[in-house]
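> Quick one, fold the following:
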Amino acid sequence: MKKTLKKINSLLLACAILLAGMLIVPQAGSSAKAAAKYYLPNSYRKMVFYSAADDLPATYVTLKVYQKGSARKPKASSIKSLASSDSSIARPYIDRYGDIRVYFFKKAGSATISFRIGAQTLRSKITVKEYSNPLSRFKIGRKNFLSRFSSSTEYNYFHEDAINNQNVSIKAAKGWKISSMKMKYGSGTFEIGSCSKSSFSKRVTFAGNADYITLTMYHAKTKSYVTLTLNCIKE
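You can find the predicted model right below:
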């Protein structure tokens, strides 16, 4: 009897030790860090653009996605189910740098871009408006180039003689501003950047075979940009 009780007590003690060990072992994953959370900055959650002009098949914007509390981007392999609610208006894909590019075309309308990172679903709504001329005046001397940008963002002006000492006069259309500008004329150059001008005027001479005027226009209400280029080519 004593031997039997001794065996039972030994068995109970072993069970108690085993049970205590099980209670203090941490559960699987309890020490693992919580999954990282990502977000789209407010300016990328709702965006408005102008559709591609006639001379461009499409334009694009790169969505900025960051890990909360840092500036880290998600790995491309972690971005899943990337899709557009209307791919005829805006179409996304992941480029070779792991960034999400959203291309928009000539069709006006709205599309929502969505994707998953882990358990999160992130969305960006893109509204595309029809392209319109961002200028109300574009002259070199008496030559008027305004209509050249009614449906196109680039125009090649071929001329045989030098355009001597003529005034370049440019004015933005309502709602638009000149954000930056660069000119090349013969051996000279002129550049302004990060500005907000309604108009511009400068007297120059175009005598080279690769002269140009490039403007970046900004629309404050829609927060959209359009870049225009006039190439002055002396033959």
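> Quick check: what element follows the helix or strand bottoming out on mean pLDDT in the chain along the chain?
Within the chain, no helix or strand scores below helix 2-24, which has a mean of 44 by mean pLDDT, DSSP states H and E. Remark: after helix 2-24, the chain's next helix or strand is strand 38-39, criterion DSSP states H and E.
> I'd like the distance from that following strand to the chain centre, please.
Here the centre of strand 38-39 is set off from its chain's centre by 16 Å, with CA atoms, centre = their mean, to the nearest Å.
> Number of residues surrounding residue 200?
A total of 20 residues lie near residue 200 under the criterion other CB atoms under 10 Å. In short, each C-beta sits where N, CA and C put it, glycine included.
> Show me the domain layout of the protein.
Taking automatic domain parsing as the criterion, the chain consists of the domains 38-129, 135-234.
> End to end on the shortest one, go ahead and measure it.
To tie it back to what came earlier, the one meant is domain 38-129. By CA to CA, to the nearest Å, the extent of domain 38-129 from end to end equals 29 Å.
> that older thread, export the domains of the chain to a markdown table and tack on mean pLDDT?
Listed next are the domains of the chain as a markdown table, based on pLDDT from 0 to 100:
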| stretch | mean pLDDT |
| --- | --- |
| domain 38-129 | 92 |
| domain 135-234 | 93 |
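> if I read this right, residue 221 contacts residue 175, doesn't it?
Yes: judged on CB atoms under 8 Å, residue 221 makes contact with residue 175 at a distance of 6.0 Å.
> the more surrounded of those two?
The residue with more neighbours, out of residue 221 and residue 175 and counting by other CB under 10 Å, is residue 175; that gives 13 against 8.
> Give me the nearest residue to residue 165, chain neighbours excluded.
residue 205 (5.5 Å; CB to CB, 6 or more residues apart in numbering).
> helix/strand/coil for that neighbour?
Classification of residue 205 using DSSP: H, G, I helix; E, B strand; the rest coil returns strand.
> and it, how far is that from residue 83?
In this view, residue 205 and residue 83 are 53 Å apart by CB to CB, to the nearest Å.
> Tell me how far residue 203 lies from residue 146.
For residue 203, the distance to residue 146 (CB to CB) stands at 19 Å.
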